[in-house]
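Undergrad: got a sequence here, can you model it:
(chains A and B, ligands or ions: 1)
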Amino acid sequence: MVSFDLSDDQRMISETVKKFALNEMRAIYRDCDEKGTIPPEFVSKAWELFLIPNNIPEAYGGVGEPRSVVTSTIIAEELAYGDFSLAVCALAPATVVYPLIEFGTEEQKQKYLPMFCEEQFKAAAAALMEPRIDFDLPSMKTTAALKGSEYVINGEKCLVPLAADAQVILVYAQTDASAGAKGVQAFLVDKGTAGMELGEREKNMGIKALDTRKVTFKDCRVPKANRLGGDAGCDTAKLINYTYIGLAAMATGVSKAAFEYARDYAKEREAFGEPIASRQAIAFMLAEMAIEVDATRLLAWEAAWRLDKGLDCDREAYLAKQYAAEKVLMITDRAVQILGGHGYIREHPVELWLRNGRGFATFEGLVTA
Amino acid sequence: MIDFELSEGIQNTRNMVHMLAENMMRPSARQYDEGEHGDKPWDFINMMWEDAKRRNRARFEAQKGAKKEAKSDKPSENAVMFANVIEELSWGDCGLYLNMGGGLGVAAVEAVGTPEQKERFLKRFTEGEPKWGAMAITEANAGSDTAAITTTAVRDGDEWVLNGEKIFVTSGKAAVVDSEGFVVVWATLDRSAGRAGIKSFIVEHGTPGMTVTKLEKKLGIRASDTCTIVFEDCRIPFNNILGSPEVQKKDSTSGFKGAMATFDATRPMVAASALGIGRAAIDFVKEEFQNRGIQIRYGISPYRMTAVEREVQQMEANLQAARLLTWRACWMMDQRQRNNLEASMAKAKAGLAVTLVTQKAVELLGPLGYSRELLLEKWMRDGKINDLFEGTGQINMLIVARRVLDYTREQLK
Ligand SMILES: Cc1cc2nc3c(=O)[nH]c(=O)nc-3n(C[C@H](O)[C@H](O)[C@H](O)COP(=O)(O)OP(=O)(O)OC[C@H]3O[C@@H](n4cnc5c(N)ncnc54)[C@H](O)[C@@H]3O)c2cc1C
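TA: Numbers count the residues shown, from 1 in each chain, chains lettered A, B, ... in the order given. Prediction:
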């Protein structure tokens, strides 16, 4: 039966995370963006929320709360509402942990999951995107070829968050070029594996606080057992759907932040003797922003709900992400517009949200729900 | 718990209505569009009426029962159900759907009528021949600004005397000429009292002094009659006023607000109708593409995507966004939550979405889209009404803006 009610648990976690976003993230995000760093204290505090170990089964040291994609979506939105760079950083390990929980072999789970249940944050990341304008799953150029008991990985990835610190990177690579998207599989590549080279830190328009790298694989050999899911492999399309939903949720969070800021500003700022919000040209922009924040959220929820129900979701997840990417740009741009010249100045957050918001059309695989 | 699955009851009803839309509405949609103001689609109307009578009976009984047990606060799924039925009917044909018996006047009496009024005016919707209940608010010089109406109601003993002219009354002729229905008419008791002076009155078919003077020729929904009704010393019983006859203090607008509140219930339904037309267009475009071997691919690089694929994807996402906003507004209604903001969000989004989606669909299919041999061009003409009536897109944006800014109508005009 149709319902738009959060469960009590979801409401609680959403309030907790929102409080964290406002108190811990909004306090430092501008500084992080300017300096290009994320303080370790922040990472520890975020880790203390237990967002990721919460879903790791007890057998591997986690809390064992069953995974709900809808709940992940709610969390991702609130964190990105605080700050997108910081949110990606805090949730980066999930891009390895969640695929492991769903598709990992017993051996893989035993090897990797316990380290993400420890008190200390352990970095991990997914390497999906490739540095070219026509990147998509069917045209994946990074290859993984089975040679005896090893996979040999070759190719180049970009926008890999926390790559320098990551204990393990989940690398997406083509195993069978003739199979297109279906041939793409994921591989667990440990830190320091020979043949995996980290590039210089990338210089991006947005997400400047976040350390992202190009990662190059030159005859990088990993044991056959490091293929996610072993011989059975994994359902890569499904993993991509999680990432779409995660991005859609985070775009909603960024949009909501920009909308709220612009709304409050428009009520304060006066021109021609009245608050600018009392003019339709401004008020209608705000109305449309409000509608689209809700619309992007509902599309993300619906796709997430489909995954939780085990329903096919390729179309819905992709459309939710595309829609969110389009709307977050519209909304953050309008936020700058509503602040006028002041919106262009780095004393206000809206220019930062516009830079971050612009990225969603490009980003793939950075986060997961 | 967040859930997007329609209950089994709604799914079954929806499937049934879909079949009916396909078999009973689609085949005659063109005929009644071209035959504007001609014969009514009686086969369809009669068939729907049989079912409506049964449903009305059950609903009125349930409402009476609920009042007795003071349980009208109990959540239901009526609105979500209704929205889904309307989406399917509008997928079939919006003009025919608007021509079915009943109407907004019925909804108004149901929402704010006294038990005596309900008995007197609603019983007819459970028996006999098809009937309509129209709603007459708009005047030549008062559209969006409903408070500017000049139709007057003056008390004379135990009667009200109405004078004025109403335009664009949906099913107005059906209500007062073609059937034993009625019109709910907005009129002012005291122009100096502004909004507080505006009340609504029920005028029976056949009341002397009420005349249908004009039938509009329209861009779309031509199967549905839209007319001008003139009231000239039209006398109705005192008890035909909806709500209190008192004009409150000048600064009080509670009566007017009550009237406006029915929009919170009807706007999501207009949105639902928009969804049906939009979906008809998208379904058709995708089918035509499929027949021509064009697949819409999801999850590929924009670099490889065709412009057509991108357009279709945007249409789909846009319409689905509108659908979820509509369901939310309906669900809130079912939960007895105030949905004024969400109803206008849904209406604004869906009205615009159907406009864009149907216009784009016509473009995508070239001469095929433009041809009157097919229904697509008609859906574009029909769809546009959803961005106009029950508050234009702008008026709904205005309501959303006021709500998110927490502004009064004085602060945001
Ligand atoms: C087919 C059809 C059926 C209808 N059925 C009914 C019915 O059954 N009963 C009934 O009472 N009415 C009905 N209407 C009337 C309908 O509700 C009105 O046409 C509508 O509310 C707009 O009013 P208007 O046409 O006078 O436009 P106007 O109010 O003159 O508006 C013109 C333009 O100005 C914009 N505008 C107006 N005010 C503002 C503002 N404050 N801020 C920004 N923009 C503004 C509007 O959005 C619109 O774009 C029907 C209309 C049609 C076409």
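
Undergrad: name the residues of the stretch 301-413 of chain B found near the ligand, please.
TA: B:I385, B:L388, B:F389, B:T392, B:Q394, B:I395, B:L398 (C-beta under 6 Å from any ligand atom). C-betas here are computed from N, CA, C, even on glycine.

Undergrad: in ChimeraX, how would I select the buried members of the residues you listed?
TA: The buried residues among those can be selected in ChimeraX (16 or more other C-beta atoms under 10 Å in any protein chain shown) with this line:
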select /B:385,388,389,392,395,398
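
Undergrad: can you narrow the residues of the stretch 301-413 of chain B next to the ligand to ones near chain A?
TA: Residues of these in contact with chain A (C-beta under 8 Å from any C-beta of the partner chain): B:Q394, B:L398.

Undergrad: dump the residues of the stretch 301-413 of chain B next to the ligand into JSON lines; add pLDDT and secondary structure as well.
TA: Output for those, formatted as JSON lines (pLDDT from 0 to 100; DSSP: H, G, I helix; E, B strand; the rest coil):
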{"residue": "B:I385", "pLDDT": "97", "secondary structure": "helix"}
{"residue": "B:L388", "pLDDT": "96", "secondary structure": "coil"}
{"residue": "B:F389", "pLDDT": "95", "secondary structure": "coil"}
{"residue": "B:T392", "pLDDT": "96", "secondary structure": "coil"}
{"residue": "B:Q394", "pLDDT": "97", "secondary structure": "helix"}
{"residue": "B:I395", "pLDDT": "96", "secondary structure": "helix"}
{"residue": "B:L398", "pLDDT": "97", "secondary structure": "helix"}
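
Undergrad: dump the residues of the stretch 301-413 of chain B next to the ligand into JSON lines; add distance to A:A320 as well.
TA: Output for these, formatted as JSON lines (distance: C-beta to C-beta, whole Å):
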{"residue": "B:I385", "distance to A:A320": "29"}
{"residue": "B:L388", "distance to A:A320": "30"}
{"residue": "B:F389", "distance to A:A320": "31"}
{"residue": "B:T392", "distance to A:A320": "29"}
{"residue": "B:Q394", "distance to A:A320": "28"}
{"residue": "B:I395", "distance to A:A320": "29"}
{"residue": "B:L398", "distance to A:A320": "29"}
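
Undergrad: quick one: pLDDT of residue 4?
TA: Let's take chain A. The model reports A:F4 with a pLDDT of 98.

Undergrad: think we crossed wires, I meant chain B
TA: 98.

Undergrad: contacting residues for it?
TA: Contacts for B:F4 (C-beta atoms under 8 Å, 6 or more residues apart in numbering or on different chains) come out as A:V2, A:W301, A:E302, A:W305, A:R306, B:L324, B:W327.

Undergrad: any low-confidence regions in chain B?
TA: In the predicted model, chain B carries pLDDT under 70 at residues B:66-73, B:248-259.

Undergrad: near the ligand, which residues of it are found?
TA: B:134-138, B:143-144, B:168-170, B:218, B:221, B:226, B:385, B:388-389, B:392, B:394-395, B:398.

Undergrad: the ligand contacts on chain A?
TA: Residues of chain A lying near the ligand (C-beta under 6 Å from any ligand atom): A:Q280.

Undergrad: strands along chain A, start to end?
TA: Ranges of strands in chain A, per DSSP state E, are A:124-127, A:143-147, A:150-161, A:168-174, A:184-190, A:196-201, A:212-223, A:270-271, A:274-275.

Undergrad: mind putting those in JSON lines, mean pLDDT and mean neighbour count included?
TA: Output for the strands of chain A, formatted as JSON lines (pLDDT from 0 to 100; neighbours: other C-beta atoms under 10 Å in any protein chain shown):
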{"stretch": "strand A:124-127", "mean pLDDT": "98", "mean neighbour count": "29"}
{"stretch": "strand A:143-147", "mean pLDDT": "98", "mean neighbour count": "16"}
{"stretch": "strand A:150-161", "mean pLDDT": "98", "mean neighbour count": "22"}
{"stretch": "strand A:168-174", "mean pLDDT": "98", "mean neighbour count": "26"}
{"stretch": "strand A:184-190", "mean pLDDT": "98", "mean neighbour count": "22"}
{"stretch": "strand A:196-201", "mean pLDDT": "97", "mean neighbour count": "15"}
{"stretch": "strand A:212-223", "mean pLDDT": "98", "mean neighbour count": "20"}
{"stretch": "strand A:270-271", "mean pLDDT": "97", "mean neighbour count": "11"}
{"stretch": "strand A:274-275", "mean pLDDT": "96", "mean neighbour count": "15"}
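
Undergrad: which residues of the stretch 201-350 of chain B fall in helices?
TA: Here the stretch 201-350 of chain B has its helices, by DSSP state H, counting those that start in this stretch, at B:254-291, B:307-334, B:340-364.

Undergrad: tabulate the ones you listed (a markdown table), appending mean neighbour count.
TA: Formatted as a markdown table, the helices of the stretch 201-350 of chain B follow (neighbours: other C-beta atoms under 10 Å in any protein chain shown):
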| stretch | mean neighbour count |
| --- | --- |
| helix B:254-291 | 22 |
| helix B:307-334 | 23 |
| helix B:340-364 | 25 |
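
Undergrad: who are the contact partners of the nearest residue to A:K35 once chain neighbours are set aside?
TA: Closest residue to A:K35 apart from its sequence neighbours, by C-beta to C-beta, 6 or more residues apart in numbering or on different chains: A:A209 at 7.7 Å. With contact taken as C-beta under 8 Å, 6+ apart, A:A209 is in contact with A:Y29, A:C32, A:D33, A:K35, A:G36, A:T37, A:I38, A:D83, A:S85, A:L86, A:C89.
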